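Visitor: please find the sequence and the predicted model below.
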Amino acid sequence: MADDTVSFDPNVIGFLAVDAADGKDITSRGYVCSICKTQNKREPPPGQDTCHTSRNKVPYATNPVDAVANFRKHRPNVDYTTVLQLLRKAKDGSELPADQVLKDKILPDTDTFVLDKKFIDTAVVMERGPADYEGTPCPICGDELTGKKGEVGKVGLYGRGKVGLYAFIKNAFMVTPCEKDTCIQMQVDRQKRLDTMPKMKLYHACSRDIAELIKGKGGKMIRGVGGAGGGGIYLAHTVRECEWKAEIKLAGEYKGQLKKFKASNTQVAVLEVEAKLGNMYLGSRNESKNFGELLQTGFDSCILDRAGTGYPDNKVPDAPVNIDGKSVMGGTHPGYEFVVYSWDQVKVLREVPRDPVPGMPDAIYD
């Protein structure tokens, strides 16, 4: 299954992959194109000492992985890349003229040959200080990462701590800045699994405020800190399962499961997502897993068997689940939970209507 939605945020045109070493310069100066129209060489426009590409247009792709693959076809020796989001409307309200946005490229300003930095976004969701990651080892090899030379210059715009920044090593999303060949290869192998194994359309419920935050960052969904399968992103087979799976907080206060909210309540939202589950670990009702542990053993996601009914034919049943006369749609089977531990595996597609169990009696929030 695939979906051609670029982003949950309709303001996102597409994704631009750049040399990670150029990332900070691009977000401060804009993306500078070459003025050379006949030769494949860099010729900076007047007033600029350098340009970021030999092209006279700004290339983009509809997803970050393709953006990196396209970039490295032309510059295969660049291992560390950053992917930026290109916007239709800037924060100051100005809009990129529609005639500058083509199918897979954007025309820069005709006078400056620059795509203004205000239409280029890192889409960082949150920032963590050194105290949050200093001393944290590589999740793959367990070695210390603090103070590595490549930490700032190679791995992205500003090094570690920028949650939501797309950083890639070779053609793989970077889950650790470790420079060991074995750790890099495991990340490459992970990306191949995510790209070649089937994706699934799944569902996640949250408060309206959280849904708007997700939309405002291009649909990036960051994992939580706890749950039956550890701190991850929890997804369900069906919209209906979200009624009893999702735990809703408003203004930081826990309000209970989604079913506590009446069907007409506008403070909650259900999101449809495309999930790259890769190699799925078929777990029990509760599993204390984390990203590093799964990756080390060749798994990319964890499935929780919440009813303890097992996995028919040793695989996750197709939804809607109906086992031994108990069904998800009837509200008598709790269903399976899909847990991923890295935000790059989840693409939010759209908001969808709720699907409460008919006659559910305990909705209390108007």
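Guide: On my side now, so go ahead.
Visitor: now this protein, which segments are flagged as low pLDDT?
Guide: Counting by pLDDT under 70, the chain contains low-confidence ranges at 1-3, 39, 146-159, 226, 228-229.
Visitor: what domains does the record give for it?
Guide: With domains defined by automatic domain parsing, the chain comprises 12-192, 199-352.
Visitor: please compute how far the longest one lies from its chain's middle.
Guide: Taking C-alpha atoms, centre = their mean, to the nearest Å, one finds the center of domain 12-192 at 15 Å from the center of the full chain.
Visitor: with the shortest one instead?
Guide: Here domain 199-352 shows a centroid-to-chain-centroid distance of 15 Å under the convention C-alpha atoms, centre = their mean.
Visitor: and Ile303, that's in a strand?
Guide: Yes - using DSSP: H, G, I helix; E, B strand; the rest coil, the assignment for Ile303 is a strand.
Visitor: which residues does it bridge with?
Guide: Leu282, Phe338 (DSSP bridges).
Visitor: in this structure it contacts Tyr336, no?
Guide: Yes - when contacts are counted by C-beta atoms under 8 Å, Ile303 is listed as touching Tyr336 (5.6 Å). Every C-beta, even on glycine, is put in place using the N, C-alpha and C of the backbone.
Visitor: what residues are shared contacts of those two?
Guide: The contact sets of Ile303 and Tyr336 overlap at Val316 (C-beta atoms under 8 Å, 6 or more residues apart in numbering).
Visitor: could I have stretch 309-322 exported to CSV, CA atoms only?
Guide: Extracted as CSV, the C-alpha positions of stretch 309-322 are listed here (Å, rounded to 0.1, in the frame of the first residue of the first chain):
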residue,chain,number,x,y,z
THR,A,309,-5.2,-14.9,21.1
GLY,A,310,-1.9,-15.5,19.3
TYR,A,311,-1.0,-14.9,15.7
PRO,A,312,-2.9,-17.1,13.2
ASP,A,313,-0.4,-18.5,10.6
ASN,A,314,2.3,-16.8,12.5
LYS,A,315,1.4,-13.3,11.2
VAL,A,316,-0.7,-10.4,12.2
PRO,A,317,-4.3,-11.0,11.2
ASP,A,318,-5.9,-8.7,8.7
ALA,A,319,-8.2,-6.1,10.1
PRO,A,320,-10.9,-6.1,11.4
VAL,A,321,-9.9,-8.8,13.8
ASN,A,322,-12.4,-11.6,14.5
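Visitor: and the domains of the chain as a markdown table, adding distance to Ile364 and mean neighbour count?
Guide: Shown next, in a markdown table, are these (distance: least, C-beta to C-beta, whole Å; neighbours: other C-beta atoms under 10 Å):
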| stretch | distance to Ile364 | mean neighbour count |
| --- | --- | --- |
| domain 12-192 | 32 | 17 |
| domain 199-352 | 6 | 18 |
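Visitor: okay if I get those as TSV plus distance to Met360?
Guide: Formatted as TSV, the domains of the chain follow (distance: least, C-beta to C-beta, whole Å):
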stretch	distance to Met360
domain 12-192	33
domain 199-352	6
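Visitor: can you tell which of those is closest to Pro361?
Guide: domain 199-352 (9.5 Å; C-beta to C-beta).
Visitor: next SSE downstream of the longest helix that the chain contains?
Guide: Criterion DSSP state H: the longest helix present in the chain is helix 181-196. As assigned by DSSP states H and E, the chain's next helix or strand after helix 181-196 is strand 199-207.
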